[in-house]
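Visitor: What follows is a predicted structure for the sequence shown.
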Amino acid sequence: MANTDRQVPPAWNAVGRHGVFPEANHDEIARFNFLTNLNMHLASRILPGVRKAYDSRTEGKAAPTNRREVGELLKRESLYQLWSSLRRNTMEMRQQNSRAMVFRQLPELVEKARELNQDSNALLLDRSVEIPRYVSAVDTHCMPGSYHTEYVDDDIAAGANYDSGIFVTTAGMLGRYSDGGGQALVEWLKEEAKSGYKPKRILDIGCTVGHNIVPLAQAFPESEILAIDVSAPVLRYAHARARSLGVDNITFRQENAEAIAAEDGSFDLIITCMFLHETSSRALPRILAETHRLLADGGKVVHIEQPQFTPEMPPYEQFMRDWDTRNNNEPFWGTLHDLDLFEAMEQAGFARENITTHGLFAVVDETLFPSAAKAAADSEDYGRKPAWHTYIASK
């Protein structure tokens with residue numbers, strides 16, 4: 001059981017298994033557990049010291065007015081250097097451990113996925129879909145080959161790698177199936193249903209392995225759901241994963257979110273979960289415009305992201321939250337969070353008065369997993385904690 005007071009994560013063995021989840025051996029589990037606990041230690045023990053060192057350097061002096069000035073101070077601070085280098089290395093080691101585990105058993109995983117995917121009309125791949133440069137040019141968060149690279153026929157390696165390793169980075173706070181974001185959306189929709197909002201047609205953009213859309217499909221089995229992504233390996237894995245979990249009301253389709261093949265007003269609910277920051281300045285307006293075009297009257301668009309870098313956010317917090325831009329192969333991270341998303345959504349066609357935002361915490365089984373909502377304030381890890389802002393536009 002997780003100790004939420006001390007923020008001790010559960011062992012990696014608590015991860016939920018399904019039909020295409022990789023099997024880990026003793027040494028692989030030991031590495032996952034070491035890295036998970038190291039991440040928790042960095043967030044809860046080292047990071048507060050970085051803040052104290054920063055305060056010491058600025059005491060009695062003019063405070064930095066922007067995150068560049070914060071960076072100039074902290075780049076000379078040894079404790080920040082230690083925290084930053086270890087944080088980068090935990091990500092690198094997570095990816096290499098997951099990758100080695102997946103490749104050790106890839107033929108067997110591919111065969112399991114084939115059996116679950118065969119003869120299905122709910123997995124629609126299209127080799128003519130061009131992988132956008134914002135995906136192909138970057139090993140996103142240090143994941144070799146990102147989401148799209150294929151090594152064998154019917155490959156699912158990228159999906160299996162991502163699914164098995166994300167527990168390490170979030171220290172288990174996304175729950176058994178790393179679906180705490182989707183479970184939080186389910187709870188939000190249940191509240192919305194009290195006022196009559198019950199979406200029947202749902203679109204998930206940038207679904208990867210389906211972590212967040214499967215809970216919606218399970219909670220609302222009568223709904224018709226389309227989940228899209230440009231990357232075939234994660235879609236094959238997502239479909240097989242959903243099928244093995246007993247979900248059959250999601251169609252997974254390979255498609256670019258900048259031009260989605262669906263009629264105007266096709267969906268009552270459109271969601272993106274930590275997706276927008278992995279696009280680009282050119283792609284974002286097109287994607288937001290598609291959400292406005294595809295949303296039915298009375299529908300809602302929900303974007304889940306980390307909080308924006310507003311003038312009210314202190315420069316220190318902005319600098320720490322921008323760490324992923326500089327160190328974690330997330331080149332659009334800072335640019336997106338500098339944007340006024342309200343304005344961007346308004347330019348896409350939504351009325352300003354119909355756009356809102358509120359906080360959202362991952363919903364998990366708290367008998368086993370730490371709750372982000374109950375985590376101590378000094379456990380803030382600037383982008384890792386599964387506590388988000390939702391940007392909601394109605395039409």
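Guide: Yes, it's here.

Visitor: State the helix or strand in which the nearest residue to Cys142 once chain neighbours are set aside lies.
Guide: Nearest residue to Cys142, sequence neighbours excluded (CB to CB, 6 or more residues apart in numbering): Met91, at 4.7 Å. In short, each C-beta sits where N, CA and C put it, glycine included. Element membership of Met91, judged by DSSP states H and E, is helix 78-104.

Visitor: After that helix, which helix or strand is next?
Guide: helix 106-117.

Visitor: Pull out the buried residues from that next one.
Guide: 106, 109-110, 112-113, 116-117 (16 or more other CB atoms under 10 Å).

Visitor: would a markdown table of those residues with distance to Leu74 be doable?
Guide: Shown next, in a markdown table, are those (distance: CB to CB, whole Å):
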| residue | distance to Leu74 |
| --- | --- |
| Leu106 | 41 |
| Leu109 | 42 |
| Val110 | 45 |
| Lys112 | 46 |
| Ala113 | 44 |
| Leu116 | 48 |
| Asn117 | 48 |
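
Visitor: could you redo these as TSV and give each row pLDDT and distance to Pro307?
Guide: As requested, these are exported to TSV (pLDDT from 0 to 100; distance: CB to CB, whole Å):
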residue	pLDDT	distance to Pro307
Leu106	98	38
Leu109	98	37
Val110	98	39
Lys112	98	39
Ala113	98	36
Leu116	98	38
Asn117	98	38
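
Visitor: for the stretch 101-250 of the chain, what are the low-confidence residue spans?
Guide: For the stretch 101-250 of the chain, no stretch has pLDDT under 70.

Visitor: Show me where it has its strands.
Guide: 123-124, 201-205, 224-229, 250-254 (DSSP state E, counting those that start in this stretch).

Visitor: Nearest to Arg282, out of these?
Guide: Relative to Arg282, the nearest member of the strands of the stretch 101-250 of the chain by CB to CB is strand 201-205, separated by 16.3 Å.

Visitor: what angle sits between that closest one and strand 224-229?
Guide: 10 degrees (axes from the mean of the first three to the mean of the last three CA atoms, to 10 degrees).

Visitor: and strand 201-205, how far from the chain's centre?
Guide: In terms of CA atoms, centre = their mean, to the nearest Å, the centre of strand 201-205 is found 16 Å from the chain centre.

Visitor: got the angle for it vs strand 250-254?
Guide: Going by the same axes, to 10 degrees, strand 201-205 makes 40 degrees with strand 250-254.

Visitor: re the thing from before, pretty sure the residue nearest to Cys142 is touching Asn328, no?
Guide: Yes - Met91 lies in contact with Asn328 (CB atoms under 8 Å); the separation is 6.2 Å.

Visitor: Give me the more crowded residue out of those two.
Guide: A count of neighbours by other CB atoms under 10 Å puts Met91 above the other of Met91 and Asn328, at 23 against 18.

Visitor: Output the strands of the stretch 101-250 of the chain in a markdown table; the columns should cover mean neighbour count and distance to Val301.
Guide: A markdown table is the format used below for the strands of the stretch 101-250 of the chain (neighbours: other CB atoms under 10 Å; distance: least, CB to CB, whole Å):
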| stretch | mean neighbour count | distance to Val301 |
| --- | --- | --- |
| strand 123-124 | 19 | 23 |
| strand 201-205 | 25 | 9 |
| strand 224-229 | 24 | 14 |
| strand 250-254 | 23 | 19 |
